[in-house]
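*Asks:* generate coordinates for the sequence data below:
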Amino acid sequence: MSATVENTGPIIGIRHLQAALLFLAICVNYVARLNVSVALVAMTDAATSNPDFPEYNWTEAQRSYILSSFYWGYIITQFPAGFLVRRFGAKIVLFIPTFATAILSALTPYSISWGGWVAFSVLRVVMGLFQGLIFPCIHEHLAKWSPPKDRNRLGVFAYSGSDCGSVMAMGISGLIANSSMGWPGISYVSAGLCGIWCLLWLLFSANNAPSSRLVGQNERDYIERSMKREDGFHVQKIPIPWRAIWTCVPFYALLIVRCAQGWANSTMQLQTPAYMHGVLEMDIKSNALYSALPFVAMWFMSYIYLAFADVAMSRKWMSLTTLRKSINTVAYWGPAAALIGIGFLDKNQTALAIALMTINAGLNAGSGIGSILTIIDMSPNHSAIVMAITNGVGNIFPLLTPLLVGVIVTDTSSRSQWQIVFALTAIVFFVGNLVYIIWGTTDQQPWDAVDFLKPRDAELNQDAASDQREKSTIKAINTKAEKAI
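*Replies:* Coordinates of the predicted model:
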């Protein structure tokens with residue numbers, strides 16, 4: 001008797017198209033988010049870029065306000081995003097912030113000429129408010145379209161858009177600043193990229209497989225059957241078990257490890273150009289290109305990690321929890337060691353500094369498989385809400401770290417001051433991953449079950465019925481007693 005072959009849909013299907021659209025969404029929004037670090041160098045040192053455009057004499061404190069301002073808005077909309085995407089779906093909710101980012105990017109040069117660093121900061125706050133909607137949407141959309149067998153591939157591919165966006169933000173921004181467009185061109189190019197993505201998203205995206213006009217019957221059946229069998233995701237209006245989430249130890253381990261990643265990301269993404277310009281004395285063009293190298297390494301290494309994870313899981317070398325913790329350990333503790341080394345280098349060791357920063361970033365690429373996708377493993381039904389919480393709290397640190405760096409680094413050419421910044425980041429990396437190793441897990445949590453709150457509801461109803469029967473009995477006894485009297 002021949003074995004039944006499981007239908008897994010086409011090898012490349014609409015679920016992969018959705019992941020590609022998510023990849024591009026993260027990419028273009030990251031370009032708009034992160035190009036500020038290179039743009040600031042160009043705006044405040046015209047000699048390193050096209051000198052035909054205005055130069056601004058902003059202090060280090062003012063530059064720190066500009067760098068951190070995005071995150072003041074970003075953390076506010078994380079929680080609303082979780083509810084909005086559950087209510088309206090990812091298609092409309094993800095379109096809105098990207099379209100708004102396009103408009104705000106196009107307005108940036110004019111706003112700076114009108115209101116200086118204050119207007120720039122306000123614009124970045126508003127951009128952060130809109131972009132706070134993005135990652136809960138990404139996680140919800142992945143959960144809707146990613147069968148468990150495809151989750152690593154689709155998730156890693158989608159999230160590698162952050163690496164591509166970082167490469168583009170660092171790599172092309174310096175070239176644009178040196179071109180005839182000058183530093184204003186950085187914002188205009190960002191606006192154009194976001195606008196093109198919006199059109200593609202409207203044409204090809206869908207909230208889930210049943211609502212897609214492009215997906216074939218085989219692929220739809222595969223996705224739906226897999227979801228229902230594994231986690232019941234398509235059951236609608238599942239109550240959120242707030243108390244269970246906030247009393248869950250693995251949830252806190254996940255929250256802490258993501259906070260550590262947020263701290264490290266903001267340090268490396270936003271401060272790298274300032275470190276290279278100040279300590280390594282690199283000009284804006286080479287600064288931008290070399291600043292992009294670590295993110296090229298991250299982009300490449302994310303697929304190396306994915307290949308290893310696929311082989312490890314297919315050959316059953318280890319459990320999913322062990323796999324994620326092992327990869328996350330390499331992704332956190334390796335960069336922690338590299339950061340310590342970077343702090344001891346100066347302009348005479350530029351090549352070694354760039355090499356260590358590239359290794360640092362490449363190793364850290366494993367955080368996607370190591371901890372981000374753990375959110376869907378633990379709670380596919382509430383992934384948007386859990387992502388909103390972890391991303392919201394985790395991004396408090398990117399808000400604070402530029403301000404902290406602004407206090408510590410009063411002279412950007414001081415190697416000893418940068419040593420303190422890198423040492424603090426290394427400590428955060430080490431402690432965050434240690435907590436995750438001890439208490440983290442990929443096991444689907446009991447509170448993620450569709451009927452988790454129903455037993456409690458039934459118990460309450462039973463208690464209410466018992467109280468009602470007791471009241472009826474007492475009333476009957478009192479009535480008899482009154483008649484007897």
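
*Asks:* now Leu107: closest residue in space, sequence neighbours ignored.
*Replies:* Leu123 (6.8 Å; Cβ to Cβ, 6 or more residues apart in numbering). Quick note: C-beta positions are derived from backbone N, CA and C, even for glycine.

*Asks:* any idea how far that neighbour lies from Val249?
*Replies:* For Leu123, the distance to Val249 equals 41 Å [Cβ to Cβ, to the nearest Å].

*Asks:* ok, these two, which is more surrounded?
*Replies:* Taking neighbours as other Cβ atoms under 10 Å, Leu123 and Val249 compare with Leu123 leading, 23 against 11.

*Asks:* report the contact partners of that one.
*Replies:* For Leu123, the contacting residues are 104, 107-108, 111, by Cβ atoms under 8 Å, 6 or more residues apart in numbering.

*Asks:* take those and write them to JSON lines, including pLDDT and distance to His141.
*Replies:* Shown next, in JSON lines, are the contacts of Leu123 (pLDDT from 0 to 100; distance: Cβ to Cβ, whole Å):
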{"residue": "Leu104", "pLDDT": "94", "distance to His141": "23"}
{"residue": "Leu107", "pLDDT": "93", "distance to His141": "28"}
{"residue": "Thr108", "pLDDT": "91", "distance to His141": "28"}
{"residue": "Ser111", "pLDDT": "89", "distance to His141": "32"}
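
*Asks:* closest one to Ile437 out of those residues, please.
*Replies:* Comparing these against Ile437 with Cβ to Cβ places Leu104 closest, at 40.2 Å.

*Asks:* count the residues that sit near that closest one.
*Replies:* When neighbours are counted by other Cβ under 10 Å, Leu104 comes out with 22.

*Asks:* double-check it against Val126; I have them as touching.
*Replies:* Yes. Counting by Cβ atoms under 8 Å, Val126 is a contact partner of Leu104 at 6.2 Å.

*Asks:* all strands for the stretch 351-485 of the chain, in order.
*Replies:* For the stretch 351-485 of the chain, no strands are identified by DSSP state E, counting those that start in this stretch.

*Asks:* before we move on, what about the chain?
*Replies:* Counting by DSSP state E, no segments of the chain form strands.

*Asks:* residue contacts, Leu280?
*Replies:* Leu280 touches 346-347, 350, 353, counting by Cβ under 8 Å, 6+ apart.

*Asks:* contacts for stretch 401-414, please.
*Replies:* Under Cβ under 8 Å, 6+ apart, the answer for stretch 401-414 is 60-61, 63-65, 67-68, 263, 266-267, 270-271, 274-275, 277-279, 281, 417-418, 420-421, 424.

*Asks:* quick one: end-to-end length of stretch 203-215, please.
*Replies:* 13 Å (Cα to Cα, to the nearest Å).

*Asks:* show me which residues of it are buried.
*Replies:* Under the neighbour-count criterion of 16 or more other Cβ atoms under 10 Å, stretch 203-215 has 205-209, 212, 215 buried.

*Asks:* unless I'm mixing things up, Met168 is touching Ile26, no?
*Replies:* No. The criterion here is Cβ under 8 Å, and Met168 misses it with Ile26 at 11.3 Å.

*Asks:* circling back to that earlier point, top of the contacts of Leu280 by neighbour count?
*Replies:* Ala353 (23 neighbours).

*Asks:* number of nearby residues for the nearest residue to Gln78 once chain neighbours are set aside?
*Replies:* Spatial nearest neighbour of Gln78, excluding adjacent residues (Cβ to Cβ, 6+ apart): Gly392 at 3.0 Å. Counted with other Cβ under 10 Å, residues neighbouring Gly392 total 22.

*Asks:* run a quick neighbour tally on the closest residue to Leu129 other than its chain neighbours.
*Replies:* Excluding its sequence neighbours, the residue lying closest to Leu129 (Cβ to Cβ, 6+ apart) is Gly73, at 3.7 Å. The tally of other residues near Gly73 (other Cβ under 10 Å) stands at 20.

*Asks:* what of Lys149?
*Replies:* Counted with other Cβ under 10 Å, residues neighbouring Lys149 total 14.

*Asks:* in this structure it contacts Ser226, no?
*Replies:* Yes. If you go by Cβ under 8 Å, Lys149 and Ser226 touch, sitting 7.3 Å apart.

*Asks:* just the helices in the stretch 1-150 of the chain please.
*Replies:* In the stretch 1-150 of the chain, helices defined by DSSP state H, counting those that start in this stretch lie at 14-44, 60-74, 78-88, 90-131, 134-145, listed in chain order.

*Asks:* buried deepest among the ones you listed, which one?
*Replies:* helix 134-145 (a mean of 28; mean count of other Cβ atoms under 10 Å).

*Asks:* can I get that helix as CSV, trimmed to CA atoms?
*Replies:* Extracted in CSV, the C-alpha atoms of helix 134-145 (Å, rounded to 0.1, in the frame of the first residue of the first chain):
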residue,chain,number,x,y,z
ILE,A,134,4.7,48.0,11.2
PHE,A,135,6.1,45.0,13.2
PRO,A,136,2.9,43.8,14.8
CYS,A,137,1.5,43.8,11.3
ILE,A,138,4.5,41.8,10.0
HIS,A,139,4.1,39.2,12.7
GLU,A,140,0.4,38.9,12.3
HIS,A,141,0.7,38.5,8.5
LEU,A,142,3.4,35.9,8.9
ALA,A,143,1.3,34.0,11.3
LYS,A,144,-1.7,34.1,8.9
TRP,A,145,0.4,32.9,5.9
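
*Asks:* who are the packing partners of that helix?
*Replies:* In terms of contacts (3 or more Cβ pairs under 8 Å, 6 or more residues apart in numbering; DSSP states H and E), helix 134-145 is packed against helix 14-44, helix 78-88, helix 90-131, helix 151-159, helix 374-378, helix 383-394.

*Asks:* name the nearest residue to the residue most central in space within the chain, sequence neighbours excluded.
*Replies:* Most central in the chain under Cα atoms, centre = their mean is Phe135, positioned 5.4 Å from the mean C-alpha point. Distances taken as Cβ to Cβ, 6+ apart place Asn391 nearest to Phe135, at 5.0 Å, with adjacent residues excluded.
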